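Asks: Sharing a model prediction with you, sequence too.
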Amino acid sequence: ASALRLRSALGARVLVHDCVPSTQAIASSLVKAEGGGAAHGVLVLAEEQSAGMGRRGRSWEAAAGANLLFSLVWVPEPADNPIGLLVRLNLAAPVAVARACAAGGMAGARVKWPNDVWAGEPARKLSGVILDFDGQAAVLGVGINVLQDMEAHPTATSVSTELAASGVPACSVDGLRERMLASFCEELHGLMLLPNEHVIAEHSKLHLLEGCTVRVHHRSREEDDPRDYDAHVLGVSPDGRLRVLPTCQPGAAERLLSGEEVSITPRAVT
């Protein structure tokens, strides 16, 4: 691995790999080897992953050398409430991704709860986030489609795809990944200094699903489950859960959903 330095409190040490199975696994091993305090802020970046991980056991696939694929170590301070910090980190990360996209010239990115980022018209997935915590340190895994040609992936998009659709010259993507990574680290650092309620407010400003009808999946989006149902999205609760109102039963009570327990599919978004 080679090293890269960013002008940010996060990413003060960036370890760059050509190809690894998973940046998440490498960052987790680094925490075990160095201890939590020493590893805080370390960012593991790969040009390619052979076994990239997504939420709830899914895989993350991306073209080599075209995207941002990285994991960032965050170690709680002794006075931190770990649960509150994890909620803040989980919701701040996609906001930082959206702001990094804007810094790269692509405005209009929105957050699909809990931590995906979508863009375009109609909206398609641009980024995903995974968060692991072993009781000592959190490892935040981030994948952002930046320069990849998404013609073969109709349900996803990339920053360069959206820039091209808006008529931005191709030369504007030179150094785009580096600019976006630096912006992400700076934005995440600033967001993590805020109280949880402020981060949730910033997350809600970009909320893709509020007011939409969604399908709530208990197993996976590809498998039907008798517990699955349609619901109207009301917003995000103070503890980061999704507030929904089931549409299947008149007079049904509001429910609070955890991203560790369910997946959400929008019925239609623009």
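Replies: Structure's in. What do you need?

Asks: Surely G105 and S172 touch.
Replies: Yes. Between G105 and S172 a contact is recorded at 6.0 Å, counting by C-beta atoms under 8 Å. Where you see a C-beta, it was placed from the backbone N, CA and C, and this is true even at glycine.

Asks: Who has more neighbours out of these two?
Replies: G105 (17 against 13; other C-beta atoms under 10 Å).

Asks: For that one, give me the pLDDT.
Replies: G105 is assigned a pLDDT of 93 by the prediction.

Asks: contacting residues around it?
Replies: If you count contacts by C-beta atoms under 8 Å, 6 or more residues apart in numbering, G105 has them with 163, 168, 172, 176.

Asks: Name the helix or strand for the first one, please.
Replies: When elements are assigned from DSSP states H and E, L163 belongs to helix 159-165.

Asks: so what does that helix touch, helix or strand wise?
Replies: helix 176-191 (3 or more C-beta pairs under 8 Å, 6 or more residues apart in numbering; DSSP states H and E).

Asks: what packs against the top helix by length along the chain?
Replies: When the chain is parsed with DSSP state H, its longest helix is helix 82-103. For helix 82-103, the packing partners by 3+ C-beta pairs under 8 Å, 6+ apart come out as strand 110-112, strand 116-119, strand 124-133, strand 138-144, helix 176-191, helix 196-205.

Asks: what about the closest residue to A93 other than its chain neighbours, distance to V214?
Replies: Take A93 and drop its neighbours on the chain: the residue closest to it by C-beta to C-beta, 6 or more residues apart in numbering is V129, 4.7 Å away. Look at V129 and V214: by C-beta to C-beta, to the nearest Å, they are 19 Å apart.

Asks: which residues pair with the residue nearest to A93 across the strands?
Replies: V142 (DSSP bridges).

Asks: wait, what's in contact with it?
Replies: V129 sits in contact with 55, 90, 93-94, 97, 115-116, 140-143, where contact means C-beta under 8 Å, 6+ apart.
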